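Enquirer: the sequence isn't on hand, but the structure is:
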Ligand code: NOJ
């Protein structure tokens, strides 16, 4: 039954413990702090938390360099604190998804230490080695401009090891059955502790055969995804895999599986990039193409939609011209750009206006899939471009107007709190916005509630509605006997559109955000007005 698939209509909130709430005042967020804020998240209306890596780590890549997959970094608390958190979340009906970072480990992981200790060590083949420096040693870097190579010489064992990401993140060799078995163990461990699934980091790279890393027969082991999925489902029937795979639309089926037997959900990076293109140009045609290109997926599969995440806004799938257009509008200065493909800013400062921010979120929540929001975006937090690389968008959550934004009582937070300008914690914080009826926080709470009242989006079918305006995106959802009609105007001027009764599905349609109804005129048409950057959600009244 489609309705059994909880992830089809979930609302996911992504957060990093490190910068969310610090209870012991050492400057780093922790499980106790997060537990104290669960009521806030519950009241916001979300039902799933995606928790960034919290395992022991040297922390050179925001925790994505794990040195022990079976623990909790002491900065965040203990394993006991993790279990208390899961318990409290479950009581509130909140599911927890955690990162599964198994493309690589930290170079400080015991496995890598053993593997490098000698060429015949039992762990040697858990990583990818080459005696000679491969010809493509400086190709395929994920962080161009910062990362220098993908093969680095290990001084201890005098061979080269492969690392798709930074040199302190050696790739695991997933061709090796022992490694796969260990990955199962990791999944099994966290599932036993009550999580609802995994956000799988760097999926295409996990699937890369170690041969292809040596520049031979580029090959991805798609069957491995099915193997992972099978294991997951045996251990926990309703657990899910949410994949990070920034791939072209025609490749996505391989990840979902022809019959949906692969990964359950994937972030729709393609639509994300064309959303920003539409926001930058008011031309919705390329976005419509991107939506159509990613439409045909198995029934149990699902896209996860997002605006910003903890990384740069990756525009690598746009054409050079399109990318430059988005850069010019949202990240015109060099220091706002990163890795030759992206923008390292948060959403609100990029868009700059409340109306366009609302438009962007309303759109994202209306797209065919599961919405994922990033901590702090519900209050319109800003960024700090003085921090390096992606840390610009990883500043502490702004809870109050008190010192350090109420994130910590300690003197030195892990990243500085934004304390200057329009986005400073004194102006942008949860406490003030809770009290202000028209705040972004209260608006976002209503949006989440509305999304939850529209199961058509997760379960139903959709089509694009012709509007006669390239600046307007019209989408129509049907599910059982419900019809949902949603319009978004990307233009900064108001527009009117005429909707035939046949398309609307009824002679009366009710606006879900206000108590306005539209009734067809004598010619059998609805006339809908959209304000500048306006958006309207209607349901056909039978
Ligand atoms: C993708 C994560 O989103 C990013 O933050 C990280 O640096 C890389 N994977 C490596 O784990």
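Expert: Ah, there it is. Not measured: the values here are computed from a predicted model. Residues are numbered from 1 along each chain as shown.

Enquirer: in stretch 441-451, which residues are buried?
Expert: Within stretch 441-451, the residues that count as buried by 16 or more other C-beta atoms under 10 Å are 441, 443, 444, 445, 447, 448, 450, 451. C-betas here are computed from N, CA, C, even on glycine.

Enquirer: now stretch 148-161
Expert: Here stretch 148-161 shows 149, 150, 151, 152, 154, 157, 159, 160, 161 as buried, counting by 16+ other C-beta under 10 Å.

Enquirer: kindly check the end-to-end length of it for me.
Expert: Taking C-alpha to C-alpha, to the nearest Å, stretch 148-161 runs 14 Å from one end to the other.

Enquirer: not counting its own residues, what contacts it?
Expert: Stretch 148-161 has contacts (C-beta atoms under 8 Å, 6 or more residues apart in numbering) with 116-119, 127-134, 136-141, 162-164, 167, 170-171.

Enquirer: any idea of the mean pLDDT for stretch 113-133?
Expert: Across stretch 113-133, pLDDT averages out at 97.

Enquirer: can you offset everything so residue one is 27?
Expert: From this message on, residue numbering opens at 27, which makes the last subject stretch 139-159.

Enquirer: start to end distance for that stretch?
Expert: 21 Å.

Enquirer: now whichever residue of the stretch 77-226 of the chain sits closest to the ligand: which helix or strand?
Expert: For the stretch 77-226 of the chain, the residue closest to the ligand is residue 90, as judged by C-beta to the nearest ligand atom, at 3.4 Å. Using DSSP states H and E, residue 90 sits within no helix or strand.

Enquirer: wait, what's in contact with it?
Expert: By C-beta under 8 Å, 6+ apart, the neighbours of residue 90 are 79, 125, 127, 191, 195, 227.

Enquirer: looking at those residues, state which has the most neighbours.
Expert: Of those, residue 127 is surrounded by the most neighbours, 28 neighbours in total, counting by other C-beta atoms under 10 Å.

Enquirer: that one reaches residue 92, doesn't it?
Expert: Yes: if you go by C-beta atoms under 8 Å, residue 127 and residue 92 touch, sitting 5.5 Å apart.

Enquirer: any common contacting residues for these two?
Expert: With C-beta under 8 Å, 6+ apart, residue 127 and residue 92 have common neighbours residue 79.

Enquirer: near the ligand, which residues of the protein?
Expert: For the chain, the residues in contact with the ligand (C-beta under 6 Å from any ligand atom) are 87, 88, 90, 127, 191, 227, 228, 270, 336, 337.

Enquirer: go again using 8 Å as the cut-off
Expert: 87-88, 90-91, 127, 129-130, 168-169, 190-192, 195, 227-228, 270, 335-337, 416 (C-beta under 8 Å from any ligand atom).

Enquirer: now, of those residues, which are buried?
Expert: By 16+ other C-beta under 10 Å, the residues of the chain next to the ligand give 87-88, 90-91, 127, 129-130, 169, 190-192, 195, 227-228, 270, 335-337, 416 as buried.

Enquirer: take the buried residues of stretch 467-477 and write them to a markdown table, including distance to residue 311 and pLDDT.
Expert: Putting the buried residues of stretch 467-477 into a markdown table (distance: C-beta to C-beta, whole Å; pLDDT from 0 to 100) gives the following:
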| residue | distance to residue 311 | pLDDT |
| --- | --- | --- |
| 467 | 33 | 98 |
| 469 | 28 | 98 |
| 470 | 29 | 98 |
| 471 | 33 | 98 |
| 473 | 26 | 98 |
| 474 | 29 | 98 |
| 476 | 27 | 98 |
| 477 | 25 | 98 |
